[in-house]
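Asks: Show me how the following folds:
(2 chains)
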Amino acid sequence: NAGVTQTPKFQVLKTGQSMTLQCAQDMNHEYMSWYRQDPGMGLRLIHYSVGAGITDQGEVPNGYNVSRSTTEDFPLRLLSAAPSQTSVYFCASSPGGTGANVLTFGAGSRLTVL
Amino acid sequence: AQTVTQSQPEMSVQEAETVTLSCTYDTSESDYYLFWYKQPPSRQMILVIRQEAYKQQNATENRFSVNFQKAAKSFSLKISDSQLGDAAMYFCAYRSARSGGGTSYGKLTFGQGTILTVHP
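Replies: Sure, this is the predicted structure:
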């Protein structure tokens, strides 16, 4: 059982380049989300999805796009990278329904934009 | 909107001693969940403990326990018999219990984090 798999683990981009961070989970979780982690700011929600075909914005969505065509995959796209997007990115998933469902996090992806 | 505040950027403790990490939060909701996550240098986010707001009893997981004060909106983490492996960044997080369209599923609000150093 792989859990939540993120690729790549490290990436360096130049300003204006585009890229996609991949996220896949094999737990049949309804809910998936992307966070970014910056020093002194904890983790902040970028986008989330409550099921295939359904996505919505989180706290810091600008500059990022997402789609959810399958239950398993939730890629995060940077269309035109900016230095302000230098960060560590985490994908997470959890079951749907009520209750204290715990997020399962991926290992994180460190992105540097020059 | 909910906010979570961790006022201690760094803490240190001697091995085998006890340390308490502080967390306060602001919400107008009465039903919610609170979590402590550990992030070691490997960057992996690891759940330490969770608390349902409707439960008065403080959660405990082995050497980890919380002091949940709902009226004061405080949720501190106590680590007893500290071990070198406890050294990490610790995050406090809040999640609403509101349902309906999955509005609360997995939407955590995190504090800024506290770096814990354990001295041998």
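Asks: Please count neighbours and contacts with C-alpha atoms only from this point.
Replies: Noted.
Asks: Which residue, other than its chain neighbours, is closest to residue B:119?
Replies: Excluding its sequence neighbours, the residue lying closest to residue B:119 (CA to CA, 6 or more residues apart in numbering or on different chains) is residue B:14, at 4.7 Å.
Asks: quick one: contacts for residue A:113?
Replies: For residue A:113, the set of contacting residues under the criterion of CA atoms under 8 Å, 6 or more residues apart in numbering or on different chains consists of A:12-15, A:81-86.
Asks: go again using 10 Å as the cut-off
Replies: Residue A:113 is in contact with A:11-17, A:81-87, counting by CA atoms under 10 Å, 6 or more residues apart in numbering or on different chains.
Asks: Buried ones among the residues you listed?
Replies: Neighbour-count burial (16 or more other CA atoms under 10 Å in any protein chain shown) applied to those gives A:13, A:81-82, A:85-87.
Asks: Adding pLDDT, write these out as JSON lines.
Replies: As requested, these are arranged in JSON lines below (pLDDT from 0 to 100):
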{"residue": "A:13", "pLDDT": "96"}
{"residue": "A:81", "pLDDT": "96"}
{"residue": "A:82", "pLDDT": "96"}
{"residue": "A:85", "pLDDT": "97"}
{"residue": "A:86", "pLDDT": "97"}
{"residue": "A:87", "pLDDT": "97"}
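Asks: Of those, which belong to strands?
Replies: For those, membership in strands holds for A:13, A:87, with DSSP state E as the criterion.
Asks: Paired strands for the helix or strand residue A:46 falls within, with orientation please.
Replies: When elements are assigned from DSSP states H and E, residue A:46 belongs to strand A:42-51. Paired strands of strand A:42-51, with direction, are strand A:31-38 (antiparallel), strand A:54-57 (antiparallel) (DSSP bridges).
Asks: ok, and for the longest one, which residues are buried?
Replies: Put plainly, it is strand A:31-38. Neighbour-count burial for strand A:31-38, with 16+ other CA under 10 Å as criterion, is recorded at A:31-37.
Asks: contacting residues for the residue nearest to residue B:119?
Replies: Contacts here follow CA under 10 Å, 6+ apart; on that basis residue B:14 touches B:81-84, B:117-120.
Asks: List the buried residues of stretch B:85-96.
Replies: Going by neighbour count (16+ other CA under 10 Å), the buried part of stretch B:85-96 is B:86-96.
Asks: now that stretch: mean pLDDT?
Replies: In this model, stretch B:85-96 has an average pLDDT of 95.
Asks: what about that stretch and chain A, any contact?
Replies: Yes - contact of stretch B:85-96 with chain A (CA under 10 Å from any CA of the partner chain) involves B:89-93, B:95-96.
Asks: Just give me the neighbour total for the residue in chain B that chain A sits nearest to.
Replies: Among all residues of chain B, residue B:112 sits closest to chain A, at 4.2 Å; criterion: CA to the nearest CA. Using other CA atoms under 10 Å in any protein chain shown, the number of residues around residue B:112 comes to 26.
Asks: Low-confidence ranges, chain A, go.
Replies: Applying pLDDT under 70 to chain A flags the ranges A:1, A:97-100.
Asks: ranges for the strands of chain B?
Replies: Counting by DSSP E, residue ranges of the strands within chain B are B:3-5, B:10-14, B:19-21, B:24-26, B:32-39, B:46-52, B:60-61, B:64-69, B:74-79, B:88-96, B:109-110, B:114-119.
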